[in-house]
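Q: Starting from these lines, generate the structure:
(3 chains)
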Amino acid sequence: MKISASRIWSCVKEVREKSPVVHNITNYVVMNNSANALLSIGASPVMAHAEEEVEEMVNIAGALVINIGTLSPHWIRAMFRAAYQAKKMHIPIVLDPVGAGATAYRTGTARELLEEVTPAIIRGNASEIMAIMKEDAKTKGVDSTTSSHTAVDMAHQINKTYGSVVCVSGETDYIIDGNDITKVMNGHPMMTRVTGMGCIATALCGAFAAVNHTFAEAAAQAMAVMGIAGEIAAADAQGPGSLQVRFYDVLYRLSADDIHNYLNVDG
Amino acid sequence: MKISASRIWSCVKEVREKSPVVHNITNYVVMNNSANALLSIGASPVMAHAEEEVEEMVNIAGALVINIGTLSPHWIRAMFRAAYQAKKMHIPIVLDPVGAGATAYRTGTARELLEEVTPAIIRGNASEIMAIMKEDAKTKGVDSTTSSHTAVDMAHQINKTYGSVVCVSGETDYIIDGNDITKVMNGHPMMTRVTGMGCIATALCGAFAAVNHTFAEAAAQAMAVMGIAGEIAAADAQGPGSLQVRFYDVLYRLSADDIHNYLNVDG
Amino acid sequence: MKISASRIWSCVKEVREKSPVVHNITNYVVMNNSANALLSIGASPVMAHAEEEVEEMVNIAGALVINIGTLSPHWIRAMFRAAYQAKKMHIPIVLDPVGAGATAYRTGTARELLEEVTPAIIRGNASEIMAIMKEDAKTKGVDSTTSSHTAVDMAHQINKTYGSVVCVSGETDYIIDGNDITKVMNGHPMMTRVTGMGCIATALCGAFAAVNHTFAEAAAQAMAVMGIAGEIAAADAQGPGSLQVRFYDVLYRLSADDIHNYLNVDG
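A: Residues are numbered from 1 along each chain as shown, chains lettered A, B, ... in the order given. You can find the predicted model right below:
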């Protein structure tokens, strides 16, 4: 896959011009962050989780983002209803299996979604991606990592079995699609000390999936934009508080030069 | 209606001195922002949505704010219970019909609340206000706009039918009450890139309704304070992240001079 | 009880090194803040509230934080399931009775939790602590205060009856355990204008309880770290918006010198 600064820039401009609606069924912790990140990059976030309205809401969306970070039974039912409708309407689904591996409830829900609705893109950390396929992969909470190497193997297996583009995020992000592996090396360690940065990355995958026909490209663009904005924001941040504030500012002001100067990819 | 800098300032001082309790039944995305904005201006926010306690909670409130941004059936039941109790106790109700027009569930809930509990103030963008009265007004998500002109006509109709003060917010905010139209031209375009700014405006309507007997005045004051704080905050903001942080700071420090220097109203 | 800057610093370092998982079942308003504060100090926050998974999740935690700020029946059931499991596994429970006294639902839930699961630490403001024991203690919303003097008496009574360490927070925080009273005088008045600061204090109690065998010490450390970070953050903050951002930065960068220079305790 080709990933170039100019192609990313062209898609950032497209997000800003078209302002695609991204329908999020996401966890309570990050709803506000996700909405703000999507607004900052130029998309139109919608949050709606009631069974009574998700099918109607997803119809006006350019992408559906499902994040299992704070589950409960009626949310799961809404996720499936929205996802079946999205599938029917050919609206790309992005899945974030937050905390898969930490509890059977999360692992089971993530697996069921994967099998039933075939997301266009799955984005998770190494332990979450491992957990989706392996019974014995256990995560320590929601932000730990296991060897990326094994997770990348698992990502290939998921991609082969279900066809979803798989993004294993970490210090290096791996975007897997068939024999294609794209590595995104952008980002900053301080980002792990801000809650919801992974969830924001998934939300951005939704925004880029809405303006791309190649989902691997959309995922790589989202991860690159995420990492670049994080790096620029972290450069003069005093800590995770100011990093987060600057991150939205940088997304909003992101320029062709920023992408050109910071992009660090391989693939 | 008279709206002057000195009258607004006198009400800001009253909010700070009396610190009225504003009971919010609002959406997950903006709960934190709404609470912070209310605390910054000097009010006492309370968030409570359980059917088991909303009636008791609203009894200690100076205003009840109902925001339908993330609905589900038990939240709707709680909204009605709180609203009936507020009506009985003559506590002003402020309604934010977030996303009315986007799904039948939202439109229906907003209309039913309007008919059943007669809010003191309704605040929405043009498409939301249109949707409450018109079957065929469709919104693109929660932040789009249609012609303010038509929405203002609709606002007059709502006001005539139900008696609620209607605030159509946008680049210019229109506050409609009988033959009275107040236009507030304060604000900054970057505010639309921060999630929940409309919801915060509604929450501020609650704070000002708690210290005013004229709800049109309360709505105009809230919109003016909102817009002035947004303008000052945007003046040296690098983007939506820093705008939001500065916005709370400005609300907290808002002075008579700020209001006098920035106020831009007609009516 | 001995509380020294060097002992606090040693526990801050332990939190950063061990990064204990703190399982939060907390209210919607402050989930994001609580997660960010825990990440900033170096802990690993987990948010999970489904009955289906709380028992499994709490098993991987070093502490369980239960905050009743936005209750509903299925959340209460999950709180009890998580708490019973935590008790069985000897995982310390920290209880924040947000708004106890404001409604019978909150007061009743807080009392039932206190009686059934014996928290290691309870942290609340004066009116909340009063409400847990006294029928006639009424709070004005969630952030008002009554006389700390009476609340401290009540705290002793709670401690004697149930064995829980009780922290009455306010301008001075009182940590009560048997005949031991520790007073923490750190903090800044502007902190009361940021939503969730009390809830963050409770979450930090969880982080310190996970690395301490003496819960009174954990509570005192958490309140001291909270107050010191708040003071440093407030020093050059323009208002509650920038205070909150700086607060996370300060927690992240907190040094032995900061603690040594600012610590203001008695006991």
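Q: Output the below-cut-off pLDDT ranges for the stretch 51-200 of chain A.
A: Scanning the stretch 51-200 of chain A for pLDDT under 70 picks out the ranges A:134-149.
Q: how deep is the closest residue to chain B within it tucked in, by neighbour count?
A: Minimum separation of the stretch 51-200 of chain A from chain B (Cβ to the nearest Cβ) falls at residue A:53, amounting to 3.9 Å. For the C-beta atoms, the positions are set from N, CA and C on the backbone; glycine is no exception. Other residues near residue A:53 come to 24 when the count uses other Cβ atoms under 10 Å in any protein chain shown.
Q: for residue A:98, same thing?
A: Residue A:98, neighbours per other Cβ under 10 Å, totals 29.
Q: right, and it touches residue A:34 too?
A: No - with contacts counted by Cβ atoms under 8 Å, residue A:98 stays clear of residue A:34, the gap being 11.9 Å.
Q: ok, back up a step: what are the phi and psi angles of the residue of the stretch 51-200 of chain A closest to chain B?
A: phi -130, psi -10 (degrees, to the nearest 10).
Q: Return the residues in contact with it.
A: Applying Cβ atoms under 8 Å, 6 or more residues apart in numbering or on different chains, we find residue A:53 in contact with B:71, B:103, B:104, B:105, B:106.
Q: which neighbours do residue A:98 and residue A:34 share?
A: By Cβ under 8 Å, 6+ apart, the residues touching both residue A:98 and residue A:34 are A:67, A:199.
Q: coming back round to it: could you report the separation of the residue of the stretch 51-200 of chain A closest to chain B from residue B:9?
A: For residue A:53, the distance to residue B:9 (Cβ to Cβ, to the nearest Å) stands at 42 Å.
Q: same check, this time on residue A:29
A: 38 Å.
Q: Residue A:55 now?
A: The value you get for residue A:55 to residue B:9, if Cβ to Cβ is used, is 49 Å.
Q: Just the closest of the contacts of residue A:53 to residue A:118, please.
A: Distance to residue A:118 across those (Cβ to Cβ) is lowest for residue B:103, with 25.1 Å.
Q: contacting residues around that closest one?
A: Contact partners of residue B:103, counting by Cβ under 8 Å, 6+ apart, are A:48, A:52, A:53, A:56, A:57.
Q: distance of the closest residue to it other than its chain neighbours from chain C?
A: Among residues not flanking residue B:103 along the chain, residue A:53 sits closest, at 3.9 Å (Cβ to Cβ, 6 or more residues apart in numbering or on different chains). According to Cβ to the nearest Cβ, to the nearest Å, residue A:53 and chain C sit 19 Å apart.
Q: buried set for stretch A:238-248?
A: Neighbour-count burial for stretch A:238-248 flags A:239, A:240, A:241, A:242, A:243, A:244, A:245, A:246, A:247, A:248 (criterion: 16 or more other Cβ atoms under 10 Å in any protein chain shown).
Q: Looking at the residues you listed, which are in helices?
A: Among those, the members found in helices (DSSP state H) are A:240, A:241, A:242, A:243, A:244, A:245, A:246, A:247, A:248.
Q: now these as a markdown table including pLDDT and distance to chain C?
A: Shown next, in a markdown table, are these (pLDDT from 0 to 100; distance: Cβ to the nearest Cβ, whole Å):
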| residue | pLDDT | distance to chain C |
| --- | --- | --- |
| A:240 | 98 | 5 |
| A:241 | 98 | 3 |
| A:242 | 98 | 6 |
| A:243 | 98 | 8 |
| A:244 | 98 | 8 |
| A:245 | 98 | 6 |
| A:246 | 98 | 10 |
| A:247 | 98 | 12 |
| A:248 | 98 | 12 |
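Q: before we move on, back to that, out of the contacts of residue A:53, which comes closest to residue C:260?
A: Nearest to residue C:260 among those, with distances taken as Cβ to Cβ, is residue B:71, at 51.1 Å.
Q: List the contacts of the closest one.
A: A:48, A:50, A:52, A:53, B:105, B:106, B:109.
Q: Same check on residue A:209?
A: The contact partners of residue A:209, taken as Cβ under 8 Å, 6+ apart, are A:62, A:63, A:92, A:94, A:120, A:121, A:215, A:218, A:219.
Q: same thing with residue A:167?
A: Here residue A:167 is in contact with A:121, A:122, A:123, A:124, A:155, A:173, A:174, A:175, A:176, A:205, A:219, A:223 (Cβ under 8 Å, 6+ apart).
Q: Next up, phi/psi of the third one, please.
A: Put plainly, it is residue A:123. phi -120, psi 120.
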